[in-house]
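Trainee: Mind looking at a prediction? Sequence and model below.
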Amino acid sequence: MVEHRPWTNIIAYAILTFGVFIVAFPVYLALIASTHDAATVVGGNMPLTPGGHALDNYYRAIFVGGSRAIREPVGQMLLNSFISAIGIALGKIFISILSAYAVVYFRFPFRKTAFWIIFITLMLPVEVRIYPTYKVIADLKMLDTYAGLILPLIASATGTLLFRQFFMTIPEELLEASRIDGAGPFRFFWDTLLPLSVTTIAALFVIQFIYGWNQYLWPLLITTQDSMQTIVTGIKKMLYTTDELAEWQLAMATAILAMLPPVAVVVIMQRLFVRGLVETEK
Amino acid sequence: MANVTLRNVRKTYPGGFEAIKGVNVDVGDGQFCVLVGPSGCGKSTLLRMVAGLETVTGGEIDIGGRIVNQIEPADRDIAMVFQNYALYPHMSVFNNMAYGLRNRGMAEAEVKTRVEEAARVLELTPMLERKPRQLSGGQRQRVAMGRAIVRQPKVFLFDEPLSNLDAKLRIAMRVEIRRLQRRLNTTSIYVTHDQLEAMTLADILVVMNGGQVEQIGNPLAIYEKPATTFVASFIGAPPMNLMATRPEEIRSQLGGAGEAGILGIRPEDLVITDQTPDGGVALPLTVEAIERVGAETFVYGSREQEQQRVAATPGELPPGEIIVRIPGTEAPPIGAKIRVAALRNKLHLFSGDGRTRLEA
């Protein structure tokens, strides 16, 4: 839209600034809180400028753990979160690109049925099927393992749908040209389909990494040992104290740390991610 | 080097739609065969069956003495140029051309020699490292050609390769394709809906309609003696004038032309004159519109007494309308009454259903 009315610009920017403020202020508050000592934070008059305990707080959060309330340093929780988020993202990309390839490019009996069964799982997120899923994972002795954290969250249809839609925009002639050029199904997948899917893969990776990172209910259910808990569940446990004050400054430091990897993934993959969502390069 | 022979080839889709209803074509070694027809006539399906991209319901496809019905496209020793080129978007021009060779396990040195030779012939050498999206339409077209010729196949298959190009480039590429094919002397089958492309490229022209072959032959022979009214109106632009004529009328004017029900005259065979040539026909016309295109003028005239519609498909004229092609220097005024005539040997006579040509 091309308009040259200064007032509309000013109003638009004012609304925008207000919106950014609403979103950013709690994050800023967490950041500030993580730089003060416990007394300042719980004192009721928290300053809006950084304090002097940043290094101390982050060191304790990452390597030592809280004095009593946190039984595990954040370092281990970060690692757990990272492994399960990467596992979920990569696992999902792997199975969904293969299943989409099968559904789009192969003619086999009950192809449509297979697709619809995959599609229906969209209506069954982990929360809905949580009891049977827990039972299966428990029977497979996967409680307190990375496999138990990762596998149930891989099983859903979003990735398959995304790849299916993308594959359907690839002209049929490309497959035919490959066949004439002597490329079998595996070669076509590896040499043509995979390179063309890079942006879609990046988009799915970002979405799934954040999805996996932010899981709360499932890790809470299947991890009993502190050494297996993820950072998102860990933050909650930090604030759950019975007979003493929660160490808010450590919780806030942990929250900031928990935010960093997803932010890094988005920043690094942003260009590919946006292209994956909007561009159709053929 | 190979002959391509289609014997009673049929294609029925699972829904029961019969796309190809028994086609027999014989393309000799090194010949350029063009399949032409309106959209939906089955010409592309037929080509894709030769390529192995569509299954064959009945009949035999024979390439170089080998029945290929059950053979994979890659093993048929054919190369195909697609309408949208189907270049691999993520590969450089070099890799696009080399891909098929490498898949066959050819030594890298040989691949390099062949691709560079093809690039030289097609003037693509400076672009070998570029990606397809950095090329113009004509250059992409040439890469698609290059991908076909590096393989040195027995047969080239072209599926409307020029229809995505602008008019000027299309003519240039048409000449280039013909020159290349003559030079390599590779048997080729070319599908198009453009009758001008068909006429200029073909050694053998196959005119198709509704899944069947209407006529096969030398392009000029087809032009001069179309076998059906469909061919008569499809080959030649503007199309042949077709008029329903009662047998007795034709008999009285032409003498003994038997069962003829339809009379055809090409626009260029009509002359504005007051005389009636011996044995020929003369038609009084009212000028409805004219088109002056420089070298020639097209006059659209109407015959008052002729209101009966003639069954002919594409390019068909409205009932009673006649196109006359005259030199570009002339232009009768609109509304003028003129009289046009054609010589006896320029008349085409067809049976009443348009399916049979009658020789007078």
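Mentor: The structure has been received and is ready for your questions.

Trainee: Flag every buried residue along stretch B:71-88.
Mentor: For stretch B:71-88, a neighbour-count test (16 or more other Cβ atoms under 10 Å in any protein chain shown) marks B:73-74, B:76-88 as buried. Every residue, glycine included, has its C-beta placed from N, CA and C.

Trainee: Flag the shaky bits of chain B, pLDDT-wise.
Mentor: B:1, B:245-260, B:304-320, B:360 (pLDDT under 70).

Trainee: Write out the residues of it neighbouring chain A.
Mentor: B:51-53, B:72-74, B:78-80, B:82-84, B:86-90, B:99-100, B:103-104, B:133, B:147 (Cβ under 8 Å from any Cβ of the partner chain).

Trainee: Filter these down to the ones in helices?
Mentor: Among these, the ones falling in helices (DSSP state H) are B:51, B:99-100, B:103, B:147.

Trainee: Compare those residues and tell me which has the most neighbours.
Mentor: Neighbour counts for those, by other Cβ atoms under 10 Å in any protein chain shown, peak at B:R147, which reaches 29 neighbours.

Trainee: Does A:I235 touch A:A253 like I think?
Mentor: No - between A:I235 and A:A253 there is no contact under Cβ atoms under 8 Å: 10.1 Å.

Trainee: For those two, indicate the residue with more neighbours.
Mentor: Taking neighbours as other Cβ under 10 Å, A:I235 and A:A253 compare with A:A253 leading, 26 against 20.

Trainee: Three-state assignment for the more buried one, please.
Mentor: helix (DSSP: H, G, I helix; E, B strand; the rest coil).

Trainee: just the helices in the stretch 1-150 of chain A please.
Mentor: Secondary structure of the stretch 1-150 of chain A by DSSP state H, counting those that start in this stretch: the helices cover A:6-33, A:38-42, A:54-59, A:74-105, A:111-120, A:130-139, A:146-154.

Trainee: Name the residues that touch the third one?
Mentor: I take that to be helix A:54-59. A:34-35, A:37, A:249-250, A:253, A:257 (Cβ atoms under 8 Å, 6 or more residues apart in numbering or on different chains).

Trainee: Whichever of those residues end up buried, select them in ChimeraX.
Mentor: One line in ChimeraX is enough to select the buried ones among these; burial here means 16+ other Cβ under 10 Å:
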select /A:34,35,249,250,253,257
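
Trainee: farthest pair in the contacts of helix A:54-59?
Mentor: A:D37 and A:L257 (18.0 Å; Cβ to Cβ).

Trainee: Run through who's touching stretch B:4-11.
Mentor: Counting by Cβ under 8 Å, 6+ apart, residues outside stretch B:4-11 touching it are B:18-27, B:33, B:42, B:45-46, B:49-50, B:54-64, B:155, B:187, B:189, B:211.

Trainee: Count the neighbours of A:L196 for me.
Mentor: A:L196, neighbours per other Cβ under 10 Å, totals 19.

Trainee: The longest strand anywhere in chain B: which residues count as buried?
Mentor: Secondary structure of chain B per DSSP state E: the longest strand is strand B:281-292. By neighbour count on 16+ other Cβ under 10 Å, the buried set for strand B:281-292 is B:281-283, B:285, B:287, B:290.

Trainee: closest to A:T160 among these?
Mentor: Among the buried residues of strand B:281-292, B:I290 lies closest to A:T160 (Cβ to Cβ), at 61.9 Å.

Trainee: who's that closest one bridged to?
Mentor: With DSSP bridges as the criterion, B:I290 is bridged to B:V299.

Trainee: residues in contact with it?
Mentor: Contacts of B:I290 by Cβ under 8 Å, 6+ apart are B:297-300, B:331-332, B:334.

Trainee: Compare these and tell me which has the most neighbours.
Mentor: Going by other Cβ under 10 Å, B:V299 tops the contacts of B:I290 with 26 neighbours.

Trainee: Tell me the spacing between that residue and B:A232.
Mentor: With distances taken as Cβ to Cβ, to the nearest Å, B:V299 is found 20 Å from B:A232.

Trainee: cool, and B:E224?
Mentor: 11 Å.

Trainee: what's the longest helix in chain B?
Mentor: helix B:167-184.

Trainee: how about the nearest residue to the residue of the stretch 101-250 of chain B found nearest chain A, chain neighbours excluded?
Mentor: Relative to chain A, the nearest point of the stretch 101-250 of chain B is B:N103 (3.9 Å; Cβ to the nearest Cβ). Residue nearest to B:N103 in three dimensions, not counting chain neighbours: A:G182, with 3.9 Å by Cβ to Cβ, 6 or more residues apart in numbering or on different chains.

Trainee: B:G261 now?
Mentor: Counting by Cβ to Cβ, 6+ apart, the residue nearest B:G261 is B:G352, at 2.8 Å.

Trainee: Would you mind listing where chain A has pLDDT under the threshold?
Mentor: A:1-3, A:65-72, A:241-245, A:275-282.

Trainee: Can you tell me which residues in it are near chain B?
Mentor: For chain A, the residues in contact with chain B (Cβ under 8 Å from any Cβ) are A:171, A:173-174, A:176-177, A:179-183, A:187, A:191-192, A:195-196, A:281-282.

Trainee: For the stretch 251-360 of chain B, just list every one of the strands.
Mentor: Along the stretch 251-360 of chain B, counting by DSSP state E, counting those that start in this stretch, strands occupy B:262-265, B:271-272, B:281-292, B:296-302, B:321-327, B:337-342, B:348-350, B:357-358.

Trainee: I misspoke; the intended subject was the stretch 101-250 of chain B.
Mentor: Under DSSP E, counting those that start in this stretch, the stretch 101-250 of chain B gives strands at B:155-159, B:187-192, B:204-209, B:212-217, B:241-244.

Trainee: Adding distance to A:Y105 as columns, could you present these in CSV?
Mentor: Below are the strands of the stretch 101-250 of chain B laid out as CSV (distance: least, Cβ to Cβ, whole Å):
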stretch, distance to A:Y105
strand B:155-159, 21
strand B:187-192, 25
strand B:204-209, 30
strand B:212-217, 33
strand B:241-244, 48
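
Trainee: Those strands into TSV, with extra columns for mean neighbour count?
Mentor: Shown next, in TSV, are the strands of the stretch 101-250 of chain B (neighbours: other Cβ atoms under 10 Å in any protein chain shown):
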stretch	mean neighbour count
strand B:155-159	25
strand B:187-192	26
strand B:204-209	24
strand B:212-217	20
strand B:241-244	22
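
Trainee: Out of those strands, which gets nearest to B:G37?
Mentor: strand B:204-209 (3.7 Å).

Trainee: re the thing from before, got the angle for the longest helix of chain B vs strand B:187-192?
Mentor: With axes from the mean of the first three to the mean of the last three Cα atoms, to 10 degrees defining the directions, helix B:167-184 sits at 160 degrees from strand B:187-192.

Trainee: Neighbours of A:Y216, how many?
Mentor: A:Y216: 12 neighbours (other Cβ under 10 Å).

Trainee: phi, psi of the closest residue to it other than its chain neighbours?
Mentor: Spatial nearest neighbour of A:Y216, excluding adjacent residues (Cβ to Cβ, 6+ apart): A:V232 at 5.2 Å. With angles defined as degrees, to the nearest 10, A:V232 sits at phi -70, psi -40.

Trainee: Quick check: A:V232 touching A:Q215?
Mentor: Yes - contact criterion Cβ under 8 Å: A:V232 and A:Q215 qualify, at 6.7 Å.

Trainee: residue contacts, B:E321?
Mentor: B:288, B:300-303.

Trainee: Out of the residues you listed, give me the two with the largest separation.
Mentor: B:Y300 and B:R303, at 11.5 Å, using Cβ to Cβ across these.

Trainee: and for the two, which residues touch both?
Mentor: What both B:Y300 and B:R303 touch, as defined by Cβ under 8 Å, 6+ apart, is the set B:321-322.

Trainee: Compute the number of surrounding residues for B:D29.
Mentor: Count around B:D29 with other Cβ under 10 Å applied: 13.

Trainee: about what we covered before: which of the contacts of B:E321 lies closest to chain A?
Mentor: Distances from chain A to these, taken by Cβ to the nearest Cβ, are shortest for B:Y300, at 40.4 Å.
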